[in-house]
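Student: I need the structure of the sequence given here:
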Amino acid sequence: MFRNIAVAYDESPEASRALTAAIQMATALKATLHTITVAEELPAYTAYGAAADPSILRTLADDRAKFYEGLQDAIREKAAAEGVQVATHLLDGERVDAILHFVSDHKIDLLVIGIHHRSLRVSRLWNTVYTLAQDVPCSVLGVH
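Tutor: Now for the predicted structure:
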């Protein structure tokens, strides 16, 4: 059935619920588990700060790297607490394209995505979920 499971993961509570579901499925199915985190780009307005202080870009990049390291550490700890090993992956690029390429390259059988509730980002999220569901070459599980 599902042997290679991936979870689209960010810092949201919805992604945390999706990770919990994926850990449970990986345990039950004895499947390999991956998390996919697409790093957000620094906002365009950081260029204004860089004009005033060129070292600010390096500081922001370092902070960004520490944030994602902490996020991935938390993922590994959560999975380890359930006796599951997880491979964490930090990707750059546009969210949908990065996830699609990862799923194809790693021959993922099931992509697990957290579904957001009553958010200002609902339209953007549904666009992402819809695009992934249409284009991804595997099954998709949306977790509330």
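Student: Can you get me a residue count around Ile56?
Tutor: Counted by other Cβ atoms under 10 Å, the residues lying close to Ile56 total 16. (Glycine included, C-beta is placed from N, CA and C.)
Student: List the buried residues for stretch 20-28?
Tutor: Under the neighbour-count criterion of 16 or more other Cβ atoms under 10 Å, stretch 20-28 has 20-23, 25-26 buried.
Student: quick one, phi/psi of the nearest residue to Leu91 once chain neighbours are set aside?
Tutor: Nearest non-adjacent residue to Leu91, counting by Cβ to Cβ, 6 or more residues apart in numbering: Ala98, 4.2 Å away. Main-chain dihedrals, Ala98, degrees, to the nearest 10: phi -60, psi -40.
Student: check contacts around Ala98.
Tutor: 36, 38, 91-92 (Cβ atoms under 8 Å, 6 or more residues apart in numbering).
Student: Please apply the same query to Ala31.
Tutor: The neighbours of Ala31, taking Cβ under 8 Å, 6+ apart as the test, are 2-5, 25, 109-110.
Student: Tell me the one of the residues you listed nearest Phe102?
Tutor: Phe102 lies nearest to Asn4 out of the contacts of Ala31, by Cβ to Cβ, at 11.3 Å.
Student: Share the number of residues neighbouring the closest one, please.
Tutor: Residues near Asn4, counting by other Cβ under 10 Å, number 16.
Student: My understanding was that His34 contacts Lys107; is that so?
Tutor: No - if you go by Cβ atoms under 8 Å, His34 and Lys107 don't touch, sitting 10.7 Å apart.
Student: Can you give me the neighbour number for the residue nearest to Leu110 when sequence neighbours are not counted?
Tutor: Leaving aside its chain neighbours, Leu110 sits nearest to Phe2 (4.4 Å; criterion: Cβ to Cβ, 6+ apart). Using other Cβ under 10 Å, Phe2 has 18 neighbouring residues.
Student: Break down the protein into its strands, ranges please.
Tutor: In the chain, the strands defined using DSSP state E lie at 4-8, 32-38, 86-91, 110-114, 139-143.
Student: Find the least confident helix or strand in the protein, judged by mean pLDDT.
Tutor: Lowest by mean pLDDT, DSSP states H and E among the helices and strands of the chain is helix 122-135, with a mean of 68.
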